[in-house]
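Participant: Okay, predicted coordinates and the sequence, questions at the end:
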Amino acid sequence: MGEPQLSRRSVEHIPMAAPQPRIESEVMDGRWFKTNDKPQWIDHLVVDTVDEQTYVQIFGGASPSPADWGRVPVKWAFANASNTSSAKAGGFVVLYDFDDMAVEVQANFNLGLLVVATFVQFKQPGPLADRFTREFFFRA
Amino acid sequence: MTIAAESAAQSALDVAILTGDWRNTNAEGGIARIVCSPQGDGTMRVRCFGRSGDDAMQDWGEVDAPLYSFTFESRQAGAFSAVFDLGYEEVRVQANVKAGVLVVASFNRFKDDSGRSNYFDREFFHRISKG
């Protein structure tokens, strides 16, 4: 019999002090390339973990996506949905702040694919609309 | 109307595809219901209802939801994001419409000392009314 599984949000508060398990984000480490042959918002990205901190570096594929977004630490890592005692990585959130736009990147790791969604918000009104993207990547 | 409000209205996206009352296609899903309400200034507010252990709905409250199109040139909103602070937990919701289905990903981060892992989930919703 395995460890008892804690319920999800159906239990609002569990009055006990317990360390939150570290999410094993390193299972997402690697170079991830787009599944789509055509140019897209993100061309490829690199995920790496150093001393239990995971980093993401994104490389843009189509304007106005920057050619190199830079390497930033993962803000939050998440386990998969099956239960809340899991430590297996299921996704992450990273935040980018450019001069003209802010981008929240939300990725999830599913069936060997990295599904990457971005929320692009321009800081000033202009001809381009705030945009949502979802793109798929395979690991080299 | 102020210049700022006029500018916001001019740049507002059409939210028709998103607004209304959405129900989870899975009767056991973690989020039971999502209500998307258009505001007069072109913005949108979102109310979520979580599912409690006794199958009752738990109102998470209503928050402003930034809107996003699928292309930079479009004036049609197709996605939104929203953040709900439940005290013990923060839920970051991302949603987009695909083929009439609201596809909702949630990134759930516990803030209490329960030891529960933060987790990702994805659920699907169908619209029962356009509001």
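Facilitator: Looks like it arrived, so ask away.
Participant: and whichever residue of chain B sits closest to chain A, how many neighbours?
Facilitator: Closest residue of chain B to chain A, C-beta to the nearest C-beta: B:Gly115 (2.8 Å). Glycine gets a C-beta too; all of them are placed from N, C-alpha and C. B:Gly115 has 16 neighbouring residues, counting by other C-beta atoms under 10 Å in any protein chain shown.
Participant: which SS class is it?
Facilitator: At B:Gly115 the chain is in coil, as set by DSSP: H, G, I helix; E, B strand; the rest coil.
Participant: I figured it hits A:Pro21, correct?
Facilitator: Yes. Applying C-beta atoms under 8 Å as the test, B:Gly115 and A:Pro21 come out as touching, 7.3 Å apart.
Participant: For the lowest-mean-pLDDT helix or strand in chain A, which helices and strands make contact with it?
Facilitator: Every helix and strand of chain A was ranked by mean pLDDT, DSSP states H and E. The lowest is strand A:76-79, at a mean of 89. Other elements packing on strand A:76-79 under the criterion 3 or more C-beta pairs under 8 Å, 6 or more residues apart in numbering or on different chains; DSSP states H and E are strand A:89-97, strand B:101-110, strand B:119-129.
Participant: Tell me which of those sits nearest to A:Lys123.
Facilitator: When these are compared by C-beta to C-beta, strand A:89-97 sits nearest A:Lys123, at 9.3 Å.
Participant: before we move on, the earlier item: pLDDT score for the residue of chain B closest to chain A?
Facilitator: Predicted confidence (pLDDT) for B:Gly115: 83.
Participant: For the chain, give me the ranges with low pLDDT.
Facilitator: The chain I'm using is chain A. Residues of chain A that meet the criterion pLDDT under 70 lie in A:1-18, A:81-86.
Participant: Chain B was what I was after
Facilitator: Within chain B, the segments meeting pLDDT under 70 span B:1-11.
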